[in-house]
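S.K.: Need coordinates for the following:
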Amino acid sequence: MKKLSLTVIGLYALFLQAFSQYNAQDTVIYKTKPLALEEVNLVSSYYSQNGNHSAITGGIGDEHVVDLANGLDLKFVAWDQSHNKHSITAGLGFDHHTSASSAYVSSTGASKTGGTRVYPSLDWTVENDKGNTFGFGAYFSTEYNYQSIGLDFHFSKKFSSNSEFNAKLSGYFDKVKLIYPSELIPKSNVVSSTPTYYTTASGRRYLSSGSGFGEDNEIPSSPRNTFTASLSYAQVINTSLQASLMLDVVTQSGYLGLPFHRVYFNDGTGHVENLPSSRFKLPIGLRLNAFVSDQLVIRTYFRYYQDDWGINSKTADIELPIKISQFFSVSPFYRYYTQTASKYFAAYKVHTAADEFYSSNYSLSELTSHFVGLGIHTAPPKGVLNNQHFSSLDIRYGHYTQSTDLNSNIITFDFTFK
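M.R.: Below is the predicted model of the structure:
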């Protein structure tokens, strides 16, 4: 928690200095205006997890993970001569995690290791004077075992002041590095005629496509593509009730497992997780918001999900934003989730040699989970800490438990500067 606090305080001081040079008149919005910075959002979170069903060690073993994440979004806005509003949002995310089980990618299990993920993004959206929008987004993410490039096209159409349709088409193109447990490196998966292996200082052993010792970019990789069509329709039913219907159609192809996930058969032999090279997902969601009074809103959400790997799940979520004052509110929330097991999942030493596909990753198992927590929102008229540019602060804490003995805690800070 000390690391999180120092990160938040340091970044806040940086933005406080940057905004101190602004004049209040600079925030006035005109119909014709060049591109200018309108809003800055800074999000920091601390996540801690414990469990005993690590997929790296075949469905048994320590699942302890600690993750520190920071995200920064800069929103620029301009208006053209046709009174269209152009919004450009540039984002940069940075996560660092330590994981007990990742040390056992190597059979030596020498020490606990971690990883760092960096993910920049860019979005351009145009909105006309009727409230209709269209835009494009681009994303990139990289970590030690994968790289991902994402593109999307999104648009919305308002049929009236009470109804709106949204659509988003996206594609993610990933490369998964083939990092195998050292004792399970497949000899048939060799690019050159003479297989070359190399071992890092931490004890991990990699299969190299070249000769001699190599860097991470010489580790062979396999593609994974994900295409999603997201559709939603929102309707204001009356002054106290709003509803939204959401549908996603998701297809995946390529290498959909992870090569360092072990699976142990009932005869005691060890294998690398093997899953189909395609997957189809179909989630359907319904959101219903009821405005009970000026002080209370009831937000509910239900989602049904199924895929062709045999998983069916249901999610029920409720959040109760309670306005304590005009500028301060609290939001207790609760989410219940349940799913059936994938037909390709089995626990430690349950799979047999007759199984074509196999995994001991407990995210594919039968499970139920509970997520409960509290959010706090404040937006004082003079700004947070009496700084008019520090417009709002959100703090959110949640505790998660799963029937597989997994549990976690997460705390998130969201700062908005204008």
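S.K.: what about residue 267, how many residues close to it?
M.R.: 9 (other Cβ atoms under 10 Å). (C-beta placed from N, C-alpha, C; glycine too.)
S.K.: do the same with residue 40
M.R.: Neighbourhood size, residue 40 [other Cβ under 10 Å]: 19.
S.K.: who's it bridged to?
M.R.: residue 74, residue 417 (DSSP bridges).
S.K.: Which residues are in contact with it?
M.R.: Counting by Cβ atoms under 8 Å, 6 or more residues apart in numbering, residue 40 touches 15, 72-75, 416-418.
S.K.: would CSV of those with pLDDT, distance to residue 399 and neighbour count be doable?
M.R.: Putting the contacts of residue 40 into CSV (pLDDT from 0 to 100; distance: Cβ to Cβ, whole Å; neighbours: other Cβ atoms under 10 Å) gives the following:
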residue, pLDDT, distance to residue 399, neighbour count
15, 39, 30, 17
72, 97, 27, 18
73, 97, 27, 17
74, 98, 32, 16
75, 97, 32, 17
416, 96, 25, 18
417, 95, 29, 23
418, 91, 32, 17
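S.K.: which pair in the residues you listed spans the largest distance?
M.R.: For these, the maximum inter-member distance is 14.9 Å, found between 72 and 418 (Cβ to Cβ).
S.K.: quick one: contacts for the nearest residue in space to residue 282 that is not next to it in sequence?
M.R.: Of all residues not flanking residue 282 in the chain, residue 306 sits nearest, at 5.6 Å (Cβ to Cβ, 6 or more residues apart in numbering). By Cβ under 8 Å, 6+ apart, the residues touching residue 306 are 281-282, 312-313.
S.K.: Show me what counts as buried in stretch 260-271.
M.R.: Residues 260-265, 271 are the ones in stretch 260-271 that count as buried (16 or more other Cβ atoms under 10 Å).
S.K.: Same question for stretch 90-108.
M.R.: 91, 93, 95, 97, 99-106.
S.K.: Show only the entries of these found in strands.
M.R.: Counted as lying in strands by DSSP state E, out of the buried residues of stretch 90-108, are 91, 93, 95, 97, 99.
S.K.: just to revisit the earlier point, out of the contacts of residue 40, which is nearest to residue 249?
M.R.: Using Cβ to Cβ, the contacts of residue 40 come closest to residue 249 at residue 73, 27.6 Å.
S.K.: wait, that closest one sits on residue 41?
M.R.: Yes. Here residue 73 lies in contact with residue 41, judged by Cβ atoms under 8 Å, at a distance of 4.3 Å.
S.K.: Name whatever forms a beta bridge with residue 121.
M.R.: residue 91, residue 139.
S.K.: Mind pulling the model confidence for it?
M.R.: If you check residue 121, the pLDDT there is 98.
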